[in-house]
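Colleague: sequence unknown, structure follows:
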């Protein structure tokens, strides 16, 4: 009886352990990003939406989404992305590592830090929080970094 | 008992009704223009009415615009021609006509006034201090944009009280003025085709927010006709219109647009709200908390999540970062939730309970009218108590959270059979009751959704035997005896307005010292205990010395917070 109980307990323990060890998401879950304006020719301001099960998680996803838009997808609006299609397909590993190692965080400024606008904090029916954040991406610095890493070429892009 | 269930059902219904509506979290700075109009035979009072409105004590939460008297007259002249009557006050045709006349006479002046540079500067300064509740961005006034003007225009409200009737009652002791009150909101769709910062008048719509009937009742009494009253020199009509004008602002308390709203900023270690004394937040102010949600169809709505009270007011006049601290009563909150103010003027309390008393069955025997037969078949040792009270939260005045001052009245029905046959067959006897009237002070200590309270009462108790005879009524009153009581109990918040409590208490009442016999409301005879040996003996022999109107009691109480007085 005791053996059975121990085996059952171990089984339950393993089940719980396996289910709770979740690898953190590397790339942003959200792709809802709107480019709002260019700031002094060296940065772009975005309204980025992120998803998460708490405010902090959703905020991080939104920041990541904005960086992802600046580099790759461009987002809605008039901003262009720093990488073209060919560069994206060549740099898949770099992009993954860029987000995994948290390098992306150096190029983003959250203009709403410490303040959440309730109109931009929406809980979805699945229980996730969808958070809108106004973000400034230091596009010039990001571009220089990408040139340095030989992901893009110096002369092609104006910004 | 029915009333308790009715209150609970009503509250649950209200709770349900507030689900699924969208609440804009931003509290745009609003301007209010009150345009007092008098029509028909009361036109002569218009100047007095305008003066009363201009003298109103203004609320810091809004900006007030004042119109030139001639402009008000131009609208008044037009409204006097459209045959305003109380019966047609809410009809679509009349409202359309009123809107049309406002547009033709005063609307542009109100818009200019709402965005005049002085008003903008002061409003901007207030807005700038707190981006969370402001109408505009943090930019300086010099960079005031057309979008800012758009927000300010759409934050313009017009209150139109139309004075249409006066009533003199109680041989001219009271004067009541009555008005129909319309609240309009300026609604401009977009900023296209504007001339500079001004929209075209055809782009400006007026939305009717609320219609209400208000009145101002002035009743002359000893105090207000003496020079102790600061308004002593005002005429009755001026005083009635002053009260009417105050009721214009009171009517705004329950309009959603005027409810103050803020954002939950922190949840640890304390729940903070980005509002403070600059917005006239007071200790114990109640806020209903909403969370914005989005459904699968991308429709955004706000869902009620709870209710809390301000336990510490932030002084954001000194520093915009000073926030008020909210005590959560119902629900758990997160950063970014919207808090909407919820007015609670007074608590109405109903209670039912069981109390120990002692009324010997011989009480009253031998008195004229009652005769020899005892009133009760047995000694009464307990009573069913039914009470009603009104409690005011004194926190804004006393600066002590959840300290209530109240008045309550309770009747007790002795739980014993009463003799129905009187010695005199022409006399009748009503069911006997005790009466208790108290002034009370109560302090509540909240722990989440529960509170523990202690209440100290001071008042009078009396026991009356009443009945009739063929030509009128009789009454035997066992005097008004001072009593003091202490109650303690626990209360549970069913929702933001309704609380259910159980309490236990003890009341000490001074002994009966006199008996008064009244016939048809007039005193016929009085028997003070200490007047003569005969009276003393009577008190002793009939058990009056053993009469105890106080004692231990257990009660259930339901309280409901009224959002405004009627």
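Modeller: Right, received. Where do you want to start? This one's a predicted model, so the numbers in the text were calculated from it and none came from an experiment.

Colleague: what separates residue A:126 from chain B, distance-wise?
Modeller: 9 Å (CB to the nearest CB, to the nearest Å). In short, each C-beta sits where N, CA and C put it, glycine included.

Colleague: would you say that residue is within a helix?
Modeller: No - counting by DSSP: H, G, I helix; E, B strand; the rest coil, residue A:126 is not part of a helix but coil.

Colleague: and the closest residue to residue B:311 other than its chain neighbours, which of the three is it?
Modeller: With CB to CB, 6 or more residues apart in numbering or on different chains as the criterion, residue B:311 has its nearest non-adjacent residue at 4.1 Å, and that residue is residue B:327. Per three-state DSSP, the local secondary structure of residue B:327 is strand.

Colleague: try residue B:333
Modeller: coil.

Colleague: with residue B:206 instead?
Modeller: Residue B:206 falls in the strand class when you classify it by three-state DSSP.

Colleague: run a quick neighbour tally on it.
Modeller: Neighbourhood size, residue B:206 [other CB atoms under 10 Å in any protein chain shown]: 21.

Colleague: ok, now which ones touch whatever residue of the stretch 151-300 of chain B ends up closest to chain A?
Modeller: At 4.1 Å from chain A, residue B:294 is the closest residue in the stretch 151-300 of chain B, using CB to the nearest CB. Listed by CB atoms under 8 Å, 6 or more residues apart in numbering or on different chains, the contact set of residue B:294 reads A:122, A:123, A:124, A:125, A:130, B:300, B:301.

Colleague: same check, this time on residue B:56
Modeller: B:34, B:245, B:246, B:248, B:249.

Colleague: touching, the second one and residue B:36? I think so.
Modeller: It stands for residue B:245. Yes - in this structure, residue B:245 is within contact of residue B:36 by CB atoms under 8 Å, at 7.4 Å.

Colleague: shared neighbours of the two, anything?
Modeller: Residues touching both residue B:245 and residue B:36 (CB under 8 Å, 6+ apart) are B:49, B:52, B:53, B:161.

Colleague: can you flag which of those residues belong to strands?
Modeller: Using DSSP state E, the subset of the shared contacts of residue B:245 and residue B:36 located in strands is residue B:161.

Colleague: pLDDT of the longest strand that chain B contains, averaged?
Modeller: Longest strand in chain B, counting residues (DSSP E): strand B:450-469. Strand B:450-469 shows a mean pLDDT of 92.

Colleague: helices and strands around that strand, which ones?
Modeller: Applying 3 or more CB pairs under 8 Å, 6 or more residues apart in numbering or on different chains; DSSP states H and E, we find strand B:450-469 packed against strand B:428-429, strand B:433-447, strand B:472-477, strand B:481-493, strand B:498-509.

Colleague: circling back to that earlier point, just the buried ones out of the contacts of residue B:56, please.
Modeller: B:34, B:245, B:246, B:248, B:249 (16 or more other CB atoms under 10 Å in any protein chain shown).

Colleague: which two among those are spaced furthest apart?
Modeller: B:34 and B:246 (11.5 Å; CB to CB).

Colleague: one step back: excluding its backbone neighbours, what's nearest the residue of the stretch 151-300 of chain B closest to chain A?
Modeller: residue A:122 (4.1 Å).

Colleague: could you pull up the contacting residues of the one you found?
Modeller: Residue A:122 neighbours (CB under 8 Å, 6+ apart): A:129, A:130, A:131, B:292, B:293, B:294, B:300.

Colleague: which among the contacts of residue B:294 count as buried?
Modeller: Of the contacts of residue B:294, these count as buried by 16+ other CB under 10 Å: A:122, A:123, A:130, B:301.

Colleague: between these, which is closest to residue B:391?
Modeller: Closest to residue B:391, out of all of these and judged by CB to CB, is residue B:301, at 34.8 Å.

Colleague: state the phi and psi torsions of the closest one.
Modeller: Phi and psi for residue B:301, reported as degrees, to the nearest 10, are phi -140, psi 160.

Colleague: ok, what's across the strand from it?
Modeller: In this entry, residue B:301 is beta-bridged to residue B:293, by DSSP bridges.

Colleague: same thing with residue A:44?
Modeller: Following DSSP bridges, residue A:44 is listed with bridge partners residue A:38, residue A:137.

Colleague: show me the shared contacts of residue B:245 and residue B:36 that map onto helices.
Modeller: B:49, B:52, B:53 (DSSP state H).

Colleague: okay, the second one: pLDDT?
Modeller: According to the prediction, residue B:52 has pLDDT 91.

Colleague: ok, it - contacts?
Modeller: B:36, B:238, B:241, B:242, B:244, B:245.

Colleague: quick revisit: let me see the mean pLDDT of the host helix or strand of the residue nearest to residue B:294.
Modeller: Using DSSP states H and E, residue A:122 maps to strand A:121-123. Strand A:121-123 carries an average pLDDT of 92.

Colleague: also stretch B:389-398?
Modeller: For stretch B:389-398, mean pLDDT is 95.

Colleague: quick check: residues of chain A near chain B?
Modeller: By CB under 8 Å from any CB of the partner chain, the residues of chain A that approach chain B are A:54-55, A:114-119, A:121-125, A:130-131.

Colleague: which of those lies closest to residue B:483?
Modeller: The nearest one, if we look at these relative to residue B:483 and count by CB to CB, is residue A:118, at 51.3 Å.

Colleague: can you give me the helices in chain A?
Modeller: Secondary structure of chain A by DSSP H: the helices cover A:2-20, A:55-68, A:85-90, A:92-100, A:139-148.

Colleague: would you list the ones you listed in JSON lines and tack on mean neighbour count?
Modeller: Formatted as JSON lines, those follow (neighbours: other CB atoms under 10 Å in any protein chain shown):
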{"stretch": "helix A:2-20", "mean neighbour count": "9"}
{"stretch": "helix A:55-68", "mean neighbour count": "24"}
{"stretch": "helix A:85-90", "mean neighbour count": "12"}
{"stretch": "helix A:92-100", "mean neighbour count": "15"}
{"stretch": "helix A:139-148", "mean neighbour count": "18"}
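
Colleague: residue B:318: which of those is closest?
Modeller: Closest among these, using CB to CB: helix A:55-68, at 28.6 Å.

Colleague: tilt between the closest one and helix A:139-148?
Modeller: 70 degrees (axes from the mean of the first three to the mean of the last three CA atoms, to 10 degrees).

Colleague: so helix A:55-68 versus helix A:92-100, what angle?
Modeller: 140 degrees.

Colleague: residues in contact with helix A:55-68?
Modeller: Helix A:55-68 has contacts (CB under 8 Å, 6+ apart) with A:25, A:27-33, A:46, A:48-52, A:75, A:99, A:104-105, A:107-108, A:110, A:116, A:121, A:128-133, A:135, A:137, A:142, B:334-336.

Colleague: repeat for stretch B:395-402
Modeller: Residues contacting stretch B:395-402 (CB under 8 Å, 6+ apart): B:282-284, B:309, B:311, B:393-394, B:403, B:443-446, B:451.

Colleague: what about that stretch, start to end distance?
Modeller: 6 Å (CA to CA, to the nearest Å).

Colleague: that older thread, filter the contacts of helix A:55-68 down to the buried ones, ChimeraX style.
Modeller: This is the ChimeraX syntax for the buried subset of the contacts of helix A:55-68, where burial follows 16+ other CB under 10 Å:
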select /A:28,29,30,32,33,46,48,49,50,51,52,75,99,104,107,108,110,116,121,128,129,130,131,132,133,135,137,142 /B:334,335,336
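
Colleague: cross the contacts of helix A:55-68 against strands and list the overlap.
Modeller: Per DSSP E, the contacts of helix A:55-68 map to strands at A:33, A:46, A:48-52, A:108, A:110, A:121, A:129-133, A:135, A:137.
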